[in-house]
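> Whatever this is, show me its structure:
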Amino acid sequence: MAKKATKRPAARRSARTPGKSAGTARRSGRTASKPDRTARKRTPRGGGMKRLQSAASQRRFALQQRERGRQIGFVPTMGAFHEGHLALIRKARSQCDVVVVSIFVNPLQFGPQEDFTRYPRDLARDMDRARELGVDVVFVPEVEEIYPEGFATKVSVGPLAQKLCGVSRPEHFDGVCTVVLKLIGIVQPHRLYLGEKDRQQVIILQRMVRDLNVDVKIVPVPTVREKDGLAYSSRNRYLSAEQRALAPRLYESLRLAQRAILVGGVRDPQELRRMMQAHIREGDPPLQIEYLALVDPETLEPLPVLTGRVLIALAAELGRARLIDNLLINVPGGRMAEGIAHQRKGASGTERG
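Residues are numbered from 1 along each chain as shown. All right, here's what the predicted structure looks like:
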């Protein structure tokens, strides 16, 4: 009897993992039909989330993941998470094996009279949200870690950084490019997730990555809006209740222009600007428009007539808050239609000849 009882457990252990050692089964913790990568994409883990503060430890983590063949998705933020940030994290989680989020309020992208010291900060809440969404690492460096004593290098993308937001914030995009390039070097991501609310920033970082042969894919993520259309922003919390009620006028003006273009057939930028300005200034007190532009979405140059892809971008001040928004529109009968018409004309000419 004793011998039979001894043999039974051994038989069970053999049957449990046919063709696989017990050690391998313990390490994977999954059946062969559910690979680790697929399961990680579908199910946020969160329980083992790391908080790293030094560039060396973050880089070491990244190299370990790359050696294991894992795709790293990176979401750079300044914290004070809102639904826009969470959409970026969810997108990264759905596409990558490993998700890294940085929280760093970057002093280089703030002007002397701007809100660096009072910019919203809520690290404990941000860490909780990151954990809930299955983030693997939150990188939270100190300013001295990113810009040590003697730091003197800046990245500039030239004319693109001097348009739109760059007119009133001349050093802003140099600061953005510098910190993002540093963070890419530290985090070593395969994919970089950016929100389209800051579309000029997306365009500039795409140019930087292309010009400097940086091996990362930029993934733009659509703007997330509140029910009344206001784009989520950490600075929205500066708004009083009265101001918050006026803020949706920015998006409403973009939609007015969109309807005028797509339904009304308007192609004159000046007419559209007047229409948008009138709507924005109807409020009491009126929003202070900083710029309102209809531009080429690659060069950010103003368009004399609307054809092809058009970016409508604006910025306005409302109390202590500086709000930005934009809309990208494909104008019917634009460049593509002109090109097709030209091809058809050439083809018919060839047939007649």
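
> thinking Ile72 is in contact with His190, fair?
Yes. Contact between Ile72 and His190 holds when scored by CB atoms under 8 Å: they sit 5.3 Å apart. Where you see a C-beta, it was placed from the backbone N, CA and C, and this is true even at glycine.

> Look at the two and report which has more neighbours.
Ile72 (23 against 18; other CB atoms under 10 Å).

> Where do the helices of the stretch 251-353 of the chain begin and end?
Applying DSSP state H, counting those that start in this stretch to the stretch 251-353 of the chain gives helices spanning 269-280, 335-352.

> comparing the ones you listed, which gets the lowest mean pLDDT score?
When those are compared by mean pLDDT, helix 335-352 comes last with a mean of 44.

> which parts of the helix or strand where Arg129 lies are buried?
Per DSSP states H and E: Arg129 is located in helix 123-132. Within helix 123-132, the residues that count as buried by 16 or more other CB atoms under 10 Å are 126-127, 129-131.

> export the residues you listed to TSV and tack on distance to Pro170 and pLDDT?
Below are the buried residues of helix 123-132 laid out as TSV (distance: CB to CB, whole Å; pLDDT from 0 to 100):
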residue	distance to Pro170	pLDDT
Asp126	30	98
Met127	34	98
Arg129	34	98
Ala130	33	98
Arg131	38	98
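
> And the helices in the stretch 51-200 of the chain, which stretches?
Going by DSSP H, counting those that start in this stretch, the stretch 51-200 of the chain shows helices at 55-67, 83-95, 123-132, 143-146, 165-168, 172-187, 199-211.

> Buried deepest among the ones you listed, which one?
Mean neighbour counts were compared across these using mean count of other CB atoms under 10 Å; the top stretch is helix 172-187, at a mean of 22.

> just to revisit the earlier point, list the residues that contact both of Ile72 and His190?
Common contact partners of Ile72 and His190 (CB atoms under 8 Å, 6 or more residues apart in numbering): Cys96.

> Give me the distance from stretch 179-191 to the chain's centre.
In terms of CA atoms, centre = their mean, to the nearest Å, the centre of stretch 179-191 is found 14 Å from the chain centre.

> tell me the mean pLDDT over that stretch?
Mean predicted lDDT for stretch 179-191 stands at 98.

> Using PDB, write down the CA coordinates of that stretch.
C-alpha atoms of stretch 179-191 as PDB (Å, rounded to 0.1, in the frame of the first residue of the first chain):
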ATOM      1  CA  VAL A 179      13.700  66.400 -23.400                       C
ATOM      2  CA  VAL A 180      12.000  64.000 -25.800                       C
ATOM      3  CA  LEU A 181      15.300  63.100 -27.500                       C
ATOM      4  CA  LYS A 182      16.900  62.600 -24.100                       C
ATOM      5  CA  LEU A 183      14.000  60.400 -22.900                       C
ATOM      6  CA  ILE A 184      14.100  58.300 -26.100                       C
ATOM      7  CA  GLY A 185      17.800  57.600 -25.400                       C
ATOM      8  CA  ILE A 186      17.000  56.600 -21.900                       C
ATOM      9  CA  VAL A 187      13.800  54.600 -22.400                       C
ATOM     10  CA  GLN A 188      14.900  53.000 -25.800                       C
ATOM     11  CA  PRO A 189      11.300  52.600 -27.000                       C
ATOM     12  CA  HIS A 190      10.100  51.000 -30.300                       C
ATOM     13  CA  ARG A 191       7.000  53.200 -30.300                       C
END
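
> domain ranges for the chain?
What automatic domain parsing lists as the domains of the chain is 43-221, 237-348.

> Looking at those domains, spot the one closest to Lys227.
Among the domains of the chain, the nearest to Lys227 by CB to CB is domain 237-348 (9.4 Å).

> need the contact list for Val209.
192, 216, 218.

> Can you tell me, leaving aside adjacent residues, what's nearest to the second one?
So the one you mean is Val216. Leaving out its chain neighbours, the residue that sits closest to Val216 by CB to CB, 6 or more residues apart in numbering is Leu192, at 5.1 Å.

> partners of the one you found in the sheet?
Under the criterion DSSP bridges, Leu192 forms beta bridges with Phe74, Ile218.

> Now do it against Asp115, distance only.
As for Leu192, its distance to Asp115 is 25 Å (criterion: CB to CB, to the nearest Å).

> These two - which one has more neighbours?
Leu192 (26 against 15).

> Touching, the more buried one and Val219? I think so.
Yes. Counting by CB under 8 Å, Leu192 touches Val219, with 6.8 Å between them.

> so how many other residues sit close to the nearest residue to Val140 once chain neighbours are set aside?
Distance criterion CB to CB, 6+ apart; nearest residue to Val140, sequence neighbours excluded, is Ile103 at 5.1 Å. As a burial measure, Ile103 scores 23 neighbours (other CB under 10 Å).

> What of Cys96?
24.

> Equivalent analysis for the one 10 residues further on, please.
Residues contacting Asn106 under the criterion other CB under 10 Å number 21.

> Verify the stated contact: it with Phe173.
No. The criterion here is CB under 8 Å, and Asn106 misses it with Phe173 at 11.6 Å.

> thinking again about what came up before, bridging residues for the residue nearest to Val140?
Residues in beta-bridge contact with Ile103 (DSSP bridges): Thr77.

> Likewise for Leu314?
What pairs with Leu314, by the bridge criterion (DSSP bridges), is Leu292, Asp325.

> ok, it - contacts?
250, 253-254, 276, 280, 289-293, 324-326.
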